[in-house]
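Q: Need coordinates for the following:
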Amino acid sequence: MEDELPDHVRDYKLETTFPKKREIVHIYDDPDAPPSSQQRLECWKSDKRPIGRGGQGQVFLQTCTSGSRHYTHRAVKTIPLQDGSGRRRYIRELETIVKFSHDKYSKYFVKSLGWYEKKDLLCIAMEYVPTGDLQTYLCDHPALPESDSRQITSQVLRGLAIMHGEGFAHRDIKPQNVLIQQRPTPTEPGSWWVKLSDFGISKRLEAATSGASTVIGTVEYMAPELFDQDSLPDINYPAADMWALGVMTFWILTKSRVFSSQRHFFQWLFG
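A: Got it, this is the predicted structure:
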């Protein structure tokens, strides 16, 4: 797989061994240490059960048992290695998450901590956001006031502006893919801080029109034009991201769907 990856993505690969079941060891050559120094070992232990599941794979919480300089926990997304379109998809996800893991983007995107392969799995290590995602939060809380919604929406909008400006579209904006880094509480009032995650179906804009023939995304957040097979080669994916953001904002403010059901949506769309 490595031969198909850009150099900057290969540079994020972690040298890894697996001494025991659910144990992961990364081997580092510290750049600031003399050549005679020993390599640094970073040891992690993976939970048995996933903390999240999606169409592309599962997410496991891992705890550092020794050697880490920055993180005690991380989330690791495991994706089955495939051929054909599936292979292109996870290569694209790697490219996107590495691109937006640069420090200058850290305010708006969940950061990758590197990636490795284990047998037939691609494993992408990411910063762990224990507060969870916006969908889970809203399932347990009432709709948010306009002031809170404005904070969240403006941060997601800024993240999308960065992606679009760099030539990428997210293509799966929804509350499940907005992680809560910080939120106000009754005892600690303050500001919201959210980050975009899950770049599994993101795409470079210059490649988005080549061979586009299938609908990808979450139906209730997809723009109407994505359901028109004839228009797919000419889709404006940044505009489709904005539609999804609008649907998500409506949900944040009202805890209601723009359309009560998929049937209602398709009746509106096709008459």
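Q: Enumerate every residue touching the residue positioned nearest the centre of the chain.
A: Nearest to the mean C-alpha position of the chain, by CA atoms, centre = their mean, lies residue 198 at 1.8 Å. If you count contacts by CB atoms under 8 Å, 6 or more residues apart in numbering, residue 198 has them with 54, 172, 176-177. C-betas here are computed from N, CA, C, even on glycine.
Q: Show me where the stretch 101-250 of the chain has its strands.
A: 112-118, 121-127, 168-169, 178-182, 193-196, 203-204 (DSSP state E, counting those that start in this stretch).
Q: Output those strands in CSV, with mean pLDDT appended to each entry.
A: What follows is the strands of the stretch 101-250 of the chain, written out as CSV (pLDDT from 0 to 100):
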stretch, mean pLDDT
strand 112-118, 95
strand 121-127, 94
strand 168-169, 92
strand 178-182, 97
strand 193-196, 98
strand 203-204, 73
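Q: for the ones you listed, which one ends up most surrounded?
A: Counting by mean count of other CB atoms under 10 Å, strand 168-169 has the highest mean neighbour count of these, with a mean of 24.
Q: Residues contacting that strand, please?
A: By CB under 8 Å, 6+ apart, strand 168-169 touches 96, 99, 163, 202-205, 208, 237-238, 240-241.
Q: can you do 7 Å?
A: With contacts defined as CB atoms under 7 Å, 6 or more residues apart in numbering, strand 168-169 is touched by 96, 163, 202-205, 208, 237-238, 241.
Q: Please state the offset of that strand from the chain centre?
A: 13 Å (CA atoms, centre = their mean, to the nearest Å).
Q: now the stretch 101-250 of the chain, which segments are flagged as low pLDDT?
A: By pLDDT under 70, the low-scoring segments of the stretch 101-250 of the chain are 201, 206-215, 229, 231-233.
Q: Tell me the one of the contacts of residue 198 nearest residue 90?
A: residue 54 (12.2 Å; CB to CB).
Q: The closest one and residue 186: what is the separation?
A: If you measure residue 54 against residue 186 using CB to CB, to the nearest Å, the figure is 32 Å.
Q: which of the two has more neighbours?
A: The neighbour count for residue 54 versus residue 186, taken as other CB atoms under 10 Å, is higher for residue 54 (15 against 5).
Q: Could you break this protein into its assigned domains?
A: Per automatic domain parsing, the structural domains of the chain span 18-80+110-127, 134-270.
Q: I'd like those laid out as CSV, including distance to residue 87.
A: Below are these laid out as CSV (distance: least, CB to CB, whole Å):
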stretch, distance to residue 87
domain 18-80+110-127, 10
domain 134-270, 13
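Q: right, and those - which one's nearest residue 6?
A: Closest to residue 6 of the domains of the chain is domain 134-270 (CB to CB; 11.3 Å).
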